[in-house]
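Participant: Sharing a model that was predicted from the sequence below.
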Amino acid sequence: MQFSAQSNADKPTNSAIGKPMDRTDGRLKVTGAARYAAEFPMKNLAHAVVVRSTIARGRIQSIDTSAAEKSPGVLAVITHLNAPKLATTDPPEVSDRYIKVIPVLQNDRINHYGQHVGLVVAETFEQAEYAATLVRVAYTQERPVLEFAANLDRAYAPERINAGYPTDTQQGDLEQGLSAADVRIDVTYTTPIEHNNPIEPHATIAVWEGDRLTLYNSTQHVDANQTSVASTLRIPKQNVRVVCPYVGGGFGSKVPTREHVILAAIAAKQIGRPVKVVLSRAQMFTCVGHRPHSQQRLRLGAKRDGRLTAFAHESIMETAVFDEFAEQNGVMSRIMYECPNSLVTHRIVPLNLDRSMIMRAPGEAPGSFALESAMDELAYALKIDPIELRVRNEPPRDPESGLPWSSRSLVQCFREGAKRFGWEKRLAEPGSMREGRYLTGYGVASASFPARLRPSSAIVRVLPDGRVQVHTGATDLGTGTYTVLTQVAADALGVPPERVQVEIGDSNFPPTPASGGSFGAASFCTAVQEACIAVRQRLAALARDDANSPLRGANQEAIAAADGRLFTKGQPARGESYVAIMQRHNLAQGVEVRVDSKPDDAAQKFSMHAFGAHFAQVLVDPNTGVIKIPRFLCVIAAGRILNPKTARSQIVGGVVWGISMALHEETLLDARYGNYINGNLGEYHVSVNADIPDIDTVFIEENDPHVNPLGIKGIGEIGIVGAAAAVANAIYHATGKRIRDLPITPDKLL
Ligand code: MOS
């Protein structure tokens, strides 16, 4: 997928970074020209539909596929009885859950409602969908374990929680800290199951050419797809190609490779034709992961002046019986506030549900609801302003590791936010403010997210005509990857953004980490910048050593780049264009450099996080309990902002999720059968336009020389972190009612 940037940057081209440049892929997307996984035209394409289990636990006794097989257009019906044998154990070197094997349809065991039990392949989608209804499965049922609240006594400590964090941490003596406190709170919060609902459903087209497989797959990580699929099918990694130029959202659900990708591959092999599988909205509720239930107990103790003496955050959540996973609910609590005596633990309860898995800000999203609500409760108990309470507990260094912050601008975010939001108009007493017939209230909460960097690779090429090509395996979830890579390359090479072509989303390009964990932009951009600098240095070296170049003899450090040419600093006329240098050296292919970028050891020396502050105002109708949010402000300090336009969209999107989490989202389980009652986007409530105000987003300038050479911290997830707590805290301020169980629906206020 190639295109040129359409820049609205009107400043000098050597500072493309920091401009609110329009998305380079925007036109393609709004005109429908951007090609998503299910849209690749394919000759002789067959369509497949998955068949799902209708019980939550047991075994398949028998499957009758005869009617389905005789149905018009049907090409194959694949079940565990005729599926090819796949790898069921991981290669020994595999530690990362995202590159594990995916042994689907390998036995008769049912672990959850909606589990894949078969695949029907037909000439048309409609034929496949109809024939799928004709597959008759008989089960031997076992009693499923379904209810979270009723099974808390089965909770156990997993070895690790998500992202490799330790399960339990402890400092000082909690009991001593609690008895030393003047004020204590002991409160428990619960959050429901929530489901990722990206606009583009999961979709795959599998095509075999001989022993080579190409997958057009909607994914956040082509490289991990390639590894998982190759090891599951027991074929060499280089025989699998994954193509994904555009992704219509994923929110974590498209980081792991899903079972239907393997099903598409084995079906395509079996019938010798390309096969497409697109999951329906209902299917997306049972096979691509969800955020688990949580119960979180917070115990806080503080002196009268607000200083914490004790802090405990104990989380229990549910996990699938067949795939252990624990969100890192307490990791934010480990670093937010100064406290000598602390305890943070995570426990899990195995249930017969579909996988609980990463969903935007896994851990931090539910964890921050509990943490930031509890801090608010403590502020009221102490009669200290909630912002002031946070400021008084600001840690000078990372309380967990003892490392200095690479930068931490939380207090600045609160100060700036308070000014803009008019926080001083808030009357301290809950239930004391009115706007017309509504009760109104203000709430705040802190946000934080780790600023991570992962190894990433890229190829950058300056073509003989001066255009720049960037190739990297990265994906663009709709976040702006194409655009920020264009800006970084334009900046590093000193070329106009219009001259940069970025191609991503193909495992044939150099590997990158996932678009996930908020480390995508930092990791991809670091590699691309490094490659651009290397190309530029190579061209500069050619000129410097060339008697015919105006730059002969010039020091590398004295050479600058802008408008596609190199020149000496302070003497812009002394220079020449990239095109001229390449022409004189007969570089008909241009100049190309591949870089495999690795984070340096800064990670060992600093604690690196983005921080932010949320401000919410709510209006609550005292008669109906209906909640409206007239104003929301989010102030973020996340290092250097590559593009304020795409960055703002990330924060706004995160805040919308946070509001949605606070007021609407909840997947309801039918505890008799293990199915979800509202397991479709029609019944699963999410905030819509009418629920969301014009969200004000502010970025605090932050110069962080430690996080990475570009000084950028991720912003994909921090917007949701704390946003639900800010809403809940505003509701308490408006009504005096503390709702500790999400979502806060009107009935809970009456
Ligand atoms: Mo995010 S849940 O790491 O895509």
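Facilitator: Yes, it's here. Residues are numbered from 1 along each chain as shown.

Participant: Residues of the stretch 501-650 of the chain that sit close to the ligand?
Facilitator: Contact residues, the stretch 501-650 of the chain versus the ligand (C-beta under 6 Å from any ligand atom): 516-517. The way it works is simple: take the backbone N, C-alpha and C, and place the C-beta from them, glycine included.

Participant: Can you show me the helices along the stretch 501-650 of the chain?
Facilitator: With helices called from DSSP state H, counting those that start in this stretch, the stretch 501-650 of the chain shows them at 520-544, 578-584, 602-605, 644-663.

Participant: possible to save those helices as JSON lines with distance to Leu633, mean pLDDT and mean neighbour count?
Facilitator: Below are those laid out as JSON lines (distance: least, C-beta to C-beta, whole Å; pLDDT from 0 to 100; neighbours: other C-beta atoms under 10 Å):
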{"stretch": "helix 520-544", "distance to Leu633": "23", "mean pLDDT": "97", "mean neighbour count": "24"}
{"stretch": "helix 578-584", "distance to Leu633": "45", "mean pLDDT": "98", "mean neighbour count": "20"}
{"stretch": "helix 602-605", "distance to Leu633": "32", "mean pLDDT": "77", "mean neighbour count": "13"}
{"stretch": "helix 644-663", "distance to Leu633": "9", "mean pLDDT": "98", "mean neighbour count": "24"}
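
Participant: any chance of these in JSON lines, plus distance to Ser507?
Facilitator: Shown next, in JSON lines, are these (distance: least, C-beta to C-beta, whole Å):
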{"stretch": "helix 520-544", "distance to Ser507": "15"}
{"stretch": "helix 578-584", "distance to Ser507": "30"}
{"stretch": "helix 602-605", "distance to Ser507": "27"}
{"stretch": "helix 644-663", "distance to Ser507": "25"}
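
Participant: Report how many residues lie close to the residue lying closest to Val344 once chain neighbours are set aside.
Facilitator: In space, and not counting its chain neighbours, Val344 is closest to Gly330: 3.8 Å by C-beta to C-beta, 6 or more residues apart in numbering. Neighbours of Gly330 under the rule other C-beta atoms under 10 Å: 29.

Participant: And Gly330, which helix or strand is it part of?
Facilitator: Gly330 is part of no helix or strand, with elements assigned from DSSP states H and E.

Participant: Verify the stated contact: it with Ala312.
Facilitator: No: the pair Gly330 / Ala312 is not scored as a contact, 9.5 Å apart, by C-beta atoms under 8 Å.

Participant: Give me the common contacts of those two.
Facilitator: In terms of C-beta atoms under 8 Å, 6 or more residues apart in numbering, Gly330 and Ala312 are both contacted by the residues Val344.

Participant: Is the nearest residue to Arg334 once chain neighbours are set aside in a helix, a strand, or coil?
Facilitator: In this structure, Arg334 finds its nearest non-sequential neighbour in Glu400, 4.4 Å apart by C-beta to C-beta, 6+ apart. When classified by DSSP: H, G, I helix; E, B strand; the rest coil, Glu400 comes out as coil.

Participant: residues contacting Glu400?
Facilitator: Shown in contact with Glu400 (C-beta under 8 Å, 6+ apart): 169, 171, 334-335, 607.

Participant: can you put these in a markdown table and add secondary structure?
Facilitator: Below are the contacts of Glu400 laid out as a markdown table (three-state DSSP):
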| residue | secondary structure |
| --- | --- |
| Thr169 | strand |
| Gln171 | strand |
| Arg334 | helix |
| Ile335 | helix |
| Ser607 | strand |
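
Participant: And these, which two are furthest apart?
Facilitator: Largest separation among these by C-beta to C-beta: Gln171 and Ser607, giving 15.0 Å.

Participant: okay, the two: which has more neighbours?
Facilitator: The residue with more neighbours, out of Gln171 and Ser607, is Ser607; 22 against 16, by other C-beta under 10 Å.

Participant: residues contacting the residue of the chain positioned farthest from its centre?
Facilitator: Distance to the chain centre peaks in the chain at Ala547, reaching 51.8 Å (criterion: C-alpha atoms, centre = their mean). Applying C-beta under 8 Å, 6+ apart to Ala547 gives no contacts.

Participant: What's the separation between it and Arg584?
Facilitator: Distance of Ala547 to Arg584, computed by C-beta to C-beta, to the nearest Å: 11 Å.

Participant: Give me the spatial nearest neighbour of the residue of the chain found nearest the ligand, chain neighbours excluded.
Facilitator: Using C-beta to the nearest ligand atom, the single residue of the chain nearest to the ligand is Gly252, 2.5 Å away. Distance criterion C-beta to C-beta, 6+ apart; nearest residue to Gly252, sequence neighbours excluded, is Ile358 at 3.8 Å.

Participant: Surely that neighbour and Ile161 touch.
Facilitator: No: using C-beta under 8 Å, Ile358 is not in contact with Ile161; the gap is 11.5 Å.

Participant: now the contacts of Glu400 in a markdown table, with pLDDT?
Facilitator: Putting those into a markdown table (pLDDT from 0 to 100) gives the following:
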| residue | pLDDT |
| --- | --- |
| Thr169 | 98 |
| Gln171 | 98 |
| Arg334 | 98 |
| Ile335 | 98 |
| Ser607 | 97 |
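
Participant: Closest one of those residues to Asp153?
Facilitator: Thr169 (23.7 Å).

Participant: my guess is that closest one contacts Arg334, does it?
Facilitator: Yes: look at Thr169 against Arg334 with C-beta under 8 Å: they come within range, at 5.9 Å.

Participant: what does the stretch 201-350 of the chain put close to the ligand?
Facilitator: Contact residues (C-beta under 6 Å from any ligand atom) of the stretch 201-350 of the chain with the ligand: 220, 250-252, 255.

Participant: Sort out which of those are buried, if you could.
Facilitator: Among these, those classed as buried by 16 or more other C-beta atoms under 10 Å are 220, 250-252, 255.

Participant: Which members of the residues you listed are positioned in strands?
Facilitator: Counting by DSSP state E, no part of these is found in strands.

Participant: Need the pLDDT of Ser95.
Facilitator: The per-residue pLDDT reported for Ser95 equals 77.

Participant: Hmm, I typed the wrong one, I wanted Gln115.
Facilitator: At Gln115, the model reports a pLDDT of 98.

Participant: The stretch 251-400 of the chain: strands as residue ranges?
Facilitator: Under the criterion DSSP state E, counting those that start in this stretch, the stretch 251-400 of the chain contains strands at 275-278, 290-291, 294-302, 308-320, 342-351.

Participant: what's the most buried one of those strands?
Facilitator: Neighbour counts (mean count of other C-beta atoms under 10 Å) averaged over each of these peak at strand 290-291, with a mean of 28.

Participant: Counting by contacts, list what that strand packs against.
Facilitator: strand 194-195 (3 or more C-beta pairs under 8 Å, 6 or more residues apart in numbering; DSSP states H and E).

Participant: which residues sit in contact with Pro550?
Facilitator: By C-beta under 8 Å, 6+ apart, the neighbours of Pro550 are 543, 574-576.

Participant: Tabulate those residues in a markdown table, adding columns for distance to Ala458.
Facilitator: Listed next are the contacts of Pro550 as a markdown table, based on distance: C-beta to C-beta, whole Å:
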| residue | distance to Ala458 |
| --- | --- |
| Ala543 | 24 |
| Arg574 | 31 |
| Gly575 | 26 |
| Glu576 | 26 |
